[in-house]
Each structure stands twice: as C-alpha cells, then as structure tokens.
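Student: Next comes the sequence, and after it the predicted model I'd like to discuss.
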Amino acid sequence: MTVDEELTLLESQLRRLKIEYEVFFNNPQKKPPSDLEWKVLALLRKFSDGSRMSFGQRFRYTELAQRYAIYSDLWRKKSRIREEGYRRPQDALLSVQGVRIEEHVPEHKVYGVSHAARPFAIDCADANSEREKVEKLFNALSEAKKKAGENVSGSLASFSSFVQKKTEQIRKQYGCARVEYIVDVADGKVKLTAKAKT
C-alpha cells in the first residue's frame, strides 16, 4: 500500500470514527468505538516522523492529525459529561453539538518555544510571482523543523510547486483572493497550515 493510499484509508477511518462516536453519544447502550480508534491512532503514529512523505503528503497528514486532535478533545469532554451527568446547561449543549473545525481548536502546550514566540505567517496569491515570500516560508519551516529536531527534507523548488498547487486549490475551493500559510509548533511538532484569506 502506498503512502497516499494509507492516508486515504486514515481519512476514511477517521470519518467513520466520528460517525461511530456520534452514535455512541446518542445511544446509552453503545460502547465507544475503541477498536477503530486504535486503528486510527496506529496509522497516525506510523507517519508521525514524516520521513517517508513528500511536502504534500506531510501537509495532508498534518491536517488529519489536527482533525483527530480536535475530535478527541471533544470526545473526551463529552465522555466525562456522560459519566458524571449533566451539571451545567453548557454541558448539555456540548453533548449534542457538532464539531466545527475552524471554531473549536484545542489548547496545545508548545514545548521548547517561549510564549513570546509567534507563529510565522505569510499570505500568497501566486507562488510563481511571489518567490521571495515562498522562500521565507520555506526557510521558516526548515528552521522550525531543525529547532524541533525533525528531519528537513525537500528542495525549495519542490516546496514552491507544492505551495503553488495548494494556493490554486484553496483559492478555487473558497473563491478567495489569497491564502495564508502559517508555520507553528504544537506539542513539540512543527505544522504548516493553510487557510483562505479574503
């Protein structure tokens, strides 16, 4: 199985896990989908070092890992409420609300980085004509990886190509003018995220 196929499998298992957890929280007789969650975690751990992946695959993996972190944070809260019973009105609300990725971001402690350190961010409309910005982003990502003790692989050319494709994809998907790229460190791991910018 190729890396892309395994990432696709991880994505579909994560989607199924979310559905099964929703069923679990809506049905008192149900048991949590622990076996499926174990499979998701095994795949996440398998690719955590990122050494076998290209920039595009690493980006996709990071998005999936973030999504799982957000879901598991919510599942843990909902499980605690379910065990202890509803004590506050907001707990009852939390037990039935869905997850909106953009709005619900769990707090992660950043190890090895002072609280004063801010994530590096640039916005880009066209990587080919904004090469200086892409180079700064590449350097910031490489520097962050070195500090975190992660492997720095890939060339500026392959990274530029990845940014160009990702920018075009997000602009087309969201109808935005620019895309913001952010280099940040969460739980001691470097992540690169991209989001639509109007």
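Tutor: Structure's in. What do you need?
Student: Could you find the closest non-adjacent residue to Tyr174?
Tutor: Ala196 (3.8 Å; C-beta to C-beta, 6 or more residues apart in numbering). C-beta coordinates here come from the backbone N, C-alpha and C atoms, glycine included.
Student: any idea how far the one you found lies from Lys133?
Tutor: 17 Å (C-beta to C-beta, to the nearest Å).
Student: who has more neighbours, these two?
Tutor: Lys133 (17 against 14; other C-beta atoms under 10 Å).
Student: for Tyr181, helix, strand, or coil?
Tutor: strand (DSSP: H, G, I helix; E, B strand; the rest coil).
Student: Name the strands paired with the helix or strand the residue nearest to Tyr174 falls within and say parallel or antiparallel.
Tutor: For Ala196, the host element (DSSP states H and E) is strand 189-197. Sheet pairing for strand 189-197, assigned by DSSP bridges, gives strand 178-186 (antiparallel).
Student: Report the buried residues of the partner strand.
Tutor: If you call a residue buried by 16 or more other C-beta atoms under 10 Å, then strand 178-186 has these buried ones: Arg178, Val179, Tyr181, Ile182, Val183, Asp184, Val185, Ala186.
Student: before we move on, what about stretch 154-163?
Tutor: Gly154, Phe159, Ser160, Ser161, Phe162, Val163.
Student: and the strand holding Ala196, how far out from the chain's middle?
Tutor: 8 Å (C-alpha atoms, centre = their mean, to the nearest Å).
Student: pLDDT averaged over that strand, what's the number?
Tutor: Across strand 189-197, pLDDT averages out at 83.
Student: For that strand, which outside residues touch it?
Tutor: Here strand 189-197 makes contact (C-beta atoms under 8 Å, 6 or more residues apart in numbering) with 48, 58-59, 62-63, 66, 123, 141, 144-145, 148, 150, 166-167, 170-171, 173-174, 176-185.
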